[in-house]
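Asks: the following comprises the amino acid sequence and a computationally predicted model.
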Amino acid sequence: MVVSIILILLLGLSMLVNIGLFSGASHGRRLTRSVGPRLDEVLTEDNNSASKIAVVDIHGIISSRETDAGFSMVDVIKAQFKRAEEDDRIKAVILKVDSPGGEVLASDEIYNVIQTFQTNSPKPVVGYMGNLAASGGYYISAPCRWIVANELTITGSIGVIMHSWNYRGLMNKVGLRPQTYKSGKFKDMLSGERDPDDIPPEEREMVQKLIDDTYGKFKSIVAEGRTAAHNKNKGSKNSADQGRALSSDWADYADGRVLSGKEAQELGFVDQVGNFEDALKRAEKLAGIGKANLIEFQQRFDLSDFFKMFGKTHVPAIKVDLGVEPPRLAAGQLYFMSPTFAR
């Protein structure tokens, strides 16, 4: 009965909204709706200042998958940086990262958003790494003007991974044999049904080249981002304000290994070892302002989002406990991710 009453009330509210929209249209008013996520500005620390610093939080696996509201993590990040660029009172952005990485394309899209913002806007972006900023989490941090990591932050893991399962051995045990009809020699590339001995060497070379090309892009992003940041900070008279340059042997450590914040600072992957307050002070210093108010942008949900959720079909997943939880990687997809931490 309670559920029925709630649904009736929501239906009535929806009808009132639609009547209002129809009335507006009938009077010749143009009806428009903003494209993209709707964001509300939330004050998180009031320092009684006219200046603001926006904190953009990137938490969890970086993905391009849409949520029930119809927007992906990439969409929300783009919208937040757009708001930060348009608001004259926002003088700097702190990119707060706590992520093991994620999809290659999603990571690259977020990187491009930050890189474009940092190129076109005088407002500095300061990266702050929390517990974890590995692989794609570091990739998106690379264009920041300054990077702060805790001494115990886990970062690095610079590399690319593609994951797949080969279950032909299991199929042989139960007497199951696949029949495949294909248009080309490599059309069933990465299929788990084939005997590993039947995979041609050329296929392994093609897949490895794809990995190597993507890895080369990752290393170039690191080199360009850190070099650009160091050159921008070179004008500072105080050597401590110039940041860390990449060490001459930094590429030897870009082999997928994880680093502590302290190790990353010694190699030039981050500029400073510290906490969030240190990142905040650095953002204020780079922006040339005193104490600023801290704000965040939170996604707003309205009635249309609520009804949209009813149109989603969720299939419950059945999980088998094997004693070990495998990495949550989709077969055949490239990732900037440290699988060890993808839980």
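Replies: That came through, no problem.
Asks: distance check, residue 157 against residue 262.
Replies: In this view, residue 157 and residue 262 are 16 Å apart by CB to CB, to the nearest Å. Just so you know, the C-beta spots here come from the backbone N, C-alpha and C atoms, and that holds for glycine as well.
Asks: look at the two and report which has more neighbours.
Replies: More crowded of residue 157 and residue 262, by other CB atoms under 10 Å: residue 157, with 28 against 15.
Asks: who touches that one in this structure?
Replies: Residue 157 makes contacts with 100, 101, 134, 135, 138, 256, 257, 258, 337, 338, as judged by CB atoms under 8 Å, 6 or more residues apart in numbering.
Asks: ok, so of the residues you listed, who is nearest residue 120?
Replies: residue 138 (23.0 Å; CB to CB).
Asks: neighbours around that closest one, how many?
Replies: Counted with other CB under 10 Å, residue 138 comes out at 33.
Asks: residues in contact with it?
Replies: 101, 155, 156, 157, 158, 222, 269.
Asks: now residue 241
Replies: Counting by CB under 8 Å, 6+ apart, residue 241 touches 233, 285.
Asks: if we use 7 Å, what do you get?
Replies: residue 233 (CB atoms under 7 Å, 6 or more residues apart in numbering).
Asks: which ones among the contacts of residue 138 lie within strands?
Replies: Among the contacts of residue 138, the residues falling in strands (DSSP state E) are 101, 155, 156.
Asks: the first one and residue 40, how far apart?
Replies: If you measure residue 101 against residue 40 using CB to CB, the figure is 29 Å.
Asks: out of the two, which sits in the more crowded spot?
Replies: For residue 101 and residue 40, the more surrounded residue by other CB under 10 Å is residue 101, and the numbers stand at 30 against 9.
Asks: go through stretch 254-270 and flag the buried ones.
Replies: Across stretch 254-270, burial judged by 16 or more other CB atoms under 10 Å covers 254, 258, 259, 260, 261, 263, 264, 265, 267, 268, 269, 270.
Asks: residue ranges with poor pLDDT in the stretch 1-150 of the chain?
Replies: In the predicted model, the stretch 1-150 of the chain carries pLDDT under 70 at residues 12-35, 68-69.
Asks: the helices in it, which residues?
Replies: Ranges of helices in the stretch 1-150 of the chain, per DSSP state H, counting those that start in this stretch, are 2-26, 73-86, 104-120, 136-139.
Asks: in JSON lines, list those helices along with distance to residue 151.
Replies: Shown next, in JSON lines, are the helices of the stretch 1-150 of the chain (distance: least, CB to CB, whole Å):
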{"stretch": "helix 2-26", "distance to residue 151": "50"}
{"stretch": "helix 73-86", "distance to residue 151": "27"}
{"stretch": "helix 104-120", "distance to residue 151": "24"}
{"stretch": "helix 136-139", "distance to residue 151": "16"}
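Asks: longest helix of the chain?
Replies: helix 201-233 (DSSP state H).
Asks: hey, what's the angle from it to helix 104-120? Just curious.
Replies: If you take axes from the mean of the first three to the mean of the last three CA atoms, to 10 degrees, helix 201-233 sits at 20 degrees to helix 104-120.
Asks: and helix 201-233, which residues are buried?
Replies: Those would be 203, 207, 214-215, 218, 221-222, 225-226, 228-230, 232-233, for helix 201-233 by 16+ other CB under 10 Å.
Asks: tell me which strands the following helix or strand past it pairs with, and in which orientation.
Replies: Counting by DSSP states H and E, the next helix or strand C-terminal to helix 201-233 is strand 258-260. Sheet pairing of strand 258-260 (DSSP bridges) gives strand 154-156 (antiparallel).
Asks: report all helices and strands that the next helix or strand after the strand it pairs with contacts.
Replies: Later in the chain than strand 154-156, the nearest helix or strand by DSSP H and E is strand 161-162. Counting contacts by 3 or more CB pairs under 7 Å, 6 or more residues apart in numbering; DSSP states H and E, strand 161-162 is packed against strand 334-337.
Asks: avg pLDDT for the strand it packs on?
Replies: Strand 334-337 shows a mean pLDDT of 69.
Asks: make a markdown table out of the contacts of residue 138 and add distance to residue 297.
Replies: Supplementary listing: those in a markdown table, determined by distance: CB to CB, whole Å:
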| residue | distance to residue 297 |
| --- | --- |
| 101 | 23 |
| 155 | 25 |
| 156 | 29 |
| 157 | 28 |
| 158 | 29 |
| 222 | 28 |
| 269 | 28 |
